[in-house]
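# quick check, what structure comes out for this input:
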Amino acid sequence: MEGKGSSLVHLLVIVLSLTAFGFAIAAERRRSTGTIRTDSATNATYCVYHSDVATGYGVGAFLFLLSSESLLMGVTKCMCFGIPLTPGANRAWTIIYFLSSWATFIVAEACIVAGAKNNGYHTKYIYGHFSCETIRKGIFIAGAVFVIATMVLNVYYYMYFTKATSQPARKANHSNSGVGMAGYA
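Below you'll find the model as predicted:
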């Protein structure tokens, strides 16, 4: 059990991340689409967009992924505060997974926020747009892929973090080093 970490933390990170993934997929499936309409009184052409539900799903995905990341960073004290990491391979992997998970987290959140923002913009009645622009297909899917990558990297980060903080530091054995201050006569 040494160095395994809390099963509850693992479970919460996975559940929150999978919920964010589900919201991102739902947002992609419910992106707003527009249809061109003509006002019979003024003969003006305008776009009518369908519901704004994808924006809400995008916000939900953003919040659940943020909760997952915040939980893990709170438990590990963002790797910078609290118990120092024992030098060695576990510390190296902890740092690699920490940096990688933050990179994928930022990309996932950026995709989700961009999709939600653009979807929200395109749900209004817009006059003079004859193409009825919608958000690019796949932006929420890209966010969902990065959500899963963040989840996997966070699980490995926490696993190696607990290993690196639970192992005692090794002391070097200087008696057999062959280097000393006294010379041989």
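# for the protein, which segments are assigned as helices?
Counting by DSSP state H, one finds helices in the chain at the ranges 7-29, 53-75, 89-121, 139-166.
# so which of those is nearest T42?
Of all the helices of the chain, the one in closest proximity to T42, counting by CB to CB, is helix 89-121 (23.6 Å). For glycine as for every other residue, the C-beta is placed from the backbone atoms N, C-alpha and C.
# tell me which residues of that closest one are tucked away?
With burial defined by 16 or more other CB atoms under 10 Å, the residues of helix 89-121 counted as buried are 90-91, 93-95, 97-98, 100-102, 104-105, 107-109, 111-112, 114-116, 118-120.
# try stretch 39-57
Within stretch 39-57, the residues that count as buried by 16+ other CB under 10 Å are 46-47, 49, 52-57.
# again with stretch 16-32
Judged by neighbour count using 16+ other CB under 10 Å, the buried positions of stretch 16-32 are 16-17, 19-28, 30-32.
# and the most centrally placed residue in the chain, what's its pLDDT?
Geometric centre of the chain, nearest residue: F105, 2.8 Å, by CA atoms, centre = their mean. If you check F105, the pLDDT there is 98.
# and it, what does it touch?
Neighbour list for F105: 65, 69, 146, 150 [criterion: CB atoms under 8 Å, 6 or more residues apart in numbering].
# wait, the third one touches T104, no?
Looking back up the chat, that one is F146. Yes - counting by CB atoms under 8 Å, F146 touches T104, with 5.0 Å between them.
# returning to that earlier point: let's have the helices of the chain in JSON lines, adding distance to R37.
Below are the helices of the chain laid out as JSON lines (distance: least, CB to CB, whole Å):
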{"stretch": "helix 7-29", "distance to R37": "24"}
{"stretch": "helix 53-75", "distance to R37": "20"}
{"stretch": "helix 89-121", "distance to R37": "18"}
{"stretch": "helix 139-166", "distance to R37": "26"}
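# show me where pLDDT drops low in the chain?
By pLDDT under 70, the weakly predicted segments of the chain are 1-4, 33-34, 49-51, 121-136, 169-185.
# the nearest residue to T94 once chain neighbours are set aside: how many residues sit nearby?
Excluding its sequence neighbours, the residue lying closest to T94 (CB to CB, 6 or more residues apart in numbering) is Y160, at 4.3 Å. Counted by other CB atoms under 10 Å, the residues lying close to Y160 total 23.
# ok, so what distance separates Y160 from R31?
38 Å (CB to CB, to the nearest Å).
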